[in-house]
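**Student:** Attaching a predicted model along with its sequence, questions to come.
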Amino acid sequence: MAFIDYGAVAFKNGKCIQGSMFGDMLSMVGWREESLDGNFFSFVGDKDFTVCFYKTYMKIIGEGEARTVYLNDNFIGWKKYRTVCFPDNSSEVVEIVVTPRQKNCYTFKMEYKGDKYKVIFGYGIDYDYWLETGIFNYYCCPEHFFKYTLPRFFKDIPYNIRLKYDMWVRKRRKTRKSKRTKRGVTFGRFRQ
């Protein structure tokens, strides 16, 4: 399991181009900018048009000013995010399509200069786990469910039962005490 909860895995023409959890910008897109390299999980494109991915947002560079697109679950029921980009040094029109997978997890697709790019990024994506198992999101896989979620659920059952019981006892004592004071009984059965 990852030491952080977010990640990305990038593909170009069906082959994984991600070398590690934080992709190397120079090997992925052919250029490097110090402010970007190491601060994003993944990069796709080339020196004329680059898209960078980190957590639940992506940064598009090469279309005039760089712009950041924040994706989140506030778009309840949204099926796709689409945008069209016009790279400065190219006559191509690039269509970007982002679809939600699970909570805060997305699939990015783009076709640029004859290459097809796909990036799966967001919450629960683990590059190392994907290499081992072929499963992108370890939070949504059966292994995580049986190893972590289910045991935690059964471990918490006695605690939750005890908590409910203690709340019921306190409530019952409180109602009994209020009934006694209404009747004027404070010391056992004797009235004041």
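**Tutor:** All right, it came through fine.
**Student:** which regions of the chain lie under the pLDDT threshold?
**Tutor:** In the predicted model of the chain, residues 1-4, 73-77, 134-135, 137-146, 148-149, 182-192 satisfy pLDDT under 70.
**Student:** partner residues bridging residue 111?
**Tutor:** According to DSSP bridges, the residues that bridge with residue 111 are residue 116.
**Student:** who's in contact with it?
**Tutor:** Counting by Cβ atoms under 8 Å, 6 or more residues apart in numbering, residue 111 makes contact with 94, 95, 117. All C-beta spots, glycine's among them, are computed from the backbone N, C-alpha and C.
**Student:** how about the nearest residue to the residue most central in space within the chain, chain neighbours excluded?
**Tutor:** For the chain, residue 123 is the residue whose C-alpha lies nearest the centre (Cα atoms, centre = their mean; 1.8 Å). Nearest non-adjacent residue to residue 123, counting by Cβ to Cβ, 6 or more residues apart in numbering: residue 104, 3.8 Å away.
**Student:** ok, back up a step: now the residue nearest to the centre of the chain: how far from residue 101?
**Tutor:** Separation of residue 123 from residue 101 (Cβ to Cβ, to the nearest Å): 9 Å.
**Student:** that older thread, and of the contacts of residue 111, the nearest to residue 65?
**Tutor:** Distances from residue 65 to the contacts of residue 111, taken as Cβ to Cβ, are shortest for residue 94 (16.1 Å).
**Student:** Sort out which of the contacts of residue 111 are buried, if you could.
**Tutor:** The neighbour-count criterion (16 or more other Cβ atoms under 10 Å) marks 94, 117 among those as buried.
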